[in-house]
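**Student:** Sequence plus the predicted model coming up.
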Amino acid sequence: MAHASDGRSLEFKLPDLGEGLTEAEIVRWLVEVGDVVAVDQPVVEVETAKAMVEVPCPYGGVVTARFGEEGTELPVGAPLVTVAVGDAAADVPVRGSGTSAATGTAESPAAETPAAERRAEGSGNVLVGYGTSEAPARRRRVRADRQAVTGASGRANGRVRGAEPVDGPVPVISPLVRRLARQHDLDLRELTGSGPDGLILRADVEYALRAAAAQGGRTTAQEAGTRRTQDAASPASSPYSPGSADSRPDGTRVPLKGVRGAVADKLSRSRREIPDATCWVDADATELMRARTAMNASGGPRISLIALLARICTAALTRFPELNATVDTEAREIVRLDRVHLGFAAQTDRGLVVPVVRDAHARDAESLTAEFARLTDAARAGRLTPGELTGGTFTLNNYGVFGVDGSTPIINHPEAAMLGVGRIVPKPWVHEGELAVRQVVQLSLTFDHRVCDGGTAGGFLRYVADCVEQPAVLLRTL
């Protein structure tokens, strides 16, 4: 537990949740001001670009302040809560005791306390970016200028400071925001952020850049902020005015953030960087379906179809390791990977996610079935961790569940290939020289043409189709 021997209020900041995430959106507060919390008790549920995460606080005591309302996006390093610990906790009214707790909107006493006076024992929490061998040093929080101004440049919740840039520190925590502004020659002093106490977020900078682009690069940050303030005060759908300075068509605007934003960024990067090609083939899956029926009739855990397809994939990657690879563009090298971490596309209420089955090449059909089921349940419940959503080396996309036959999937960057599987449906098929009704599936392989040529890709896909048509082919590798 983190102690403060002389009784102090400690500030807990949004930690680095791993995998390069730079911000998170507050979904639900799990504590109120005045609540007593234990060490490592979850205090807030946040949504990152990869998963829903409950964030535990490494301090035990009484919550004296919360920073940010539900729906607010905070950068990593922004304050989440302050907690009174030690003797200080005794002086804080506890919620439900008949007296109201302090709202905690003022600067925490920890702001004036030297770091050496706030040492604490470790809580053992394992989130990236913080441990509690020492209480986190209090970053002096810079408040935006609250001077009242009038006119378009002085709205209460706007993005503009006023007619003149304000001297002094700029209220920015995220290095990403600073770098983005620097790359586009944007003066952050002309913006007032939408974050807590005027903190400038990435969304504020991106909006200013979009506004500047729409005006041919002539729009200043002040003008962009004014326009965003006006937009925020207007309905989501505004009439299209061809003669207006900000002409936009009717429609509801949905922010590209969270899972949707992460998917958009990754797919766009894949299209920009990977010269992909697709080949496909129809296969008679009748024998594979019969084999699965026989497996499930023999007792024991039921085997899923995707587990059998995954087993076929891993066998094919053993024969064609060129496709279990990634491209190191800086070194101009192809990196062939020794282990198969198989991603699979899963549609959830929050959007498309790609959970990863670790060491799929070392698993049998029963183990694959169990792991697919576990990850699918976690995806639908929003409980996947960032580690379960990253690190894949090859992706299996069973889009047949949507009732479609074929697709040209986009490669999951930085992987080198993706196998797509359509629906399995009865179709006329020539079998043993005679026309018959068979269970037919379309298979497609999208691959990075930098890692191999069409012969390798075609060989991989043909081997997969052979295993689907004659599952006994797999016996050679068992």
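**Tutor:** Thanks, I have it. Only a predicted model underlies this, so the values are computations on that prediction, with no experimental measurement involved.

**Student:** Listing partners with orientation, what would you give for the top strand by length along the chain?
**Tutor:** Scanning the chain for the strand with the most residues, using DSSP state E, yields strand 434-448. Strand 434-448 has the following sheet partners, assigned by DSSP bridges: strand 276-284 (antiparallel), strand 417-421 (antiparallel), strand 425-431 (antiparallel).

**Student:** Show me which residues of that strand are buried.
**Tutor:** Neighbour counts over strand 434-448 (16 or more other CB atoms under 10 Å) mark 438-448 as buried. Bear in mind the C-beta positions are built from the backbone N, C-alpha and C, glycine included.

**Student:** Report the mean per-residue pLDDT for it.
**Tutor:** For strand 434-448, mean pLDDT is 97.

**Student:** nearest to Ala345, of the strands paired with strand 434-448?
**Tutor:** strand 417-421 (8.6 Å; CB to CB).

**Student:** neighbouring contacts of that closest one?
**Tutor:** 280, 309, 313, 323, 394-400, 406-412, 441-448, 451, 457, 460-461, 464 (CB atoms under 8 Å, 6 or more residues apart in numbering).

**Student:** who's in contact with the nearest residue to Gly258 once chain neighbours are set aside?
**Tutor:** Leaving aside its sequence neighbours, Gly258 sits nearest to Glu47 (CB to CB, 6 or more residues apart in numbering; 5.5 Å). Glu47 sits next to 24-25, 27, 53, 258-259, 350 when contact means CB under 8 Å, 6+ apart.

**Student:** quick one, which of the strands paired with strand 434-448 is packed in tightest?
**Tutor:** Compared across the strands paired with strand 434-448, strand 417-421 shows the largest average neighbour count, a mean of 26 (mean count of other CB atoms under 10 Å).

**Student:** any idea of the mean pLDDT in it?
**Tutor:** 96.

**Student:** about what we covered before: how distant is the longest strand of the chain from the center of its chain?
**Tutor:** Centroid separation for strand 434-448 versus its chain: 34 Å, with CA atoms, centre = their mean, to the nearest Å.

**Student:** what's the following helix or strand after the host helix or strand of Glu11?
**Tutor:** Assigned by DSSP states H and E, Glu11 belongs to strand 9-13. Next helix or strand after strand 9-13 toward the C-terminus (DSSP H and E): strand 23-29.

**Student:** by contact count, what packs against that next one?
**Tutor:** Other elements packing on strand 23-29 under the criterion 3 or more CB pairs under 8 Å, 6 or more residues apart in numbering; DSSP states H and E are strand 41-47, strand 73-75.

**Student:** what's the following helix or strand after the helix or strand of the chain with the lowest mean pLDDT?
**Tutor:** None of the helices or strands of the chain scores lower by mean pLDDT, DSSP states H and E than helix 221-233, at a mean of 51. Next along the chain after helix 221-233, taking DSSP H and E as the criterion, comes helix 258-273.

**Student:** Need the contact partners of that following helix.
**Tutor:** With CB under 8 Å, 6+ apart as the test, helix 258-273 has contacts from 25, 47-50, 254-256, 276, 329, 350-353, 410-413.

**Student:** what angle separates it from strand 417-421?
**Tutor:** Between helix 258-273 and strand 417-421, the angle formed by their directions is 120 degrees, by axes from the mean of the first three to the mean of the last three CA atoms, to 10 degrees.
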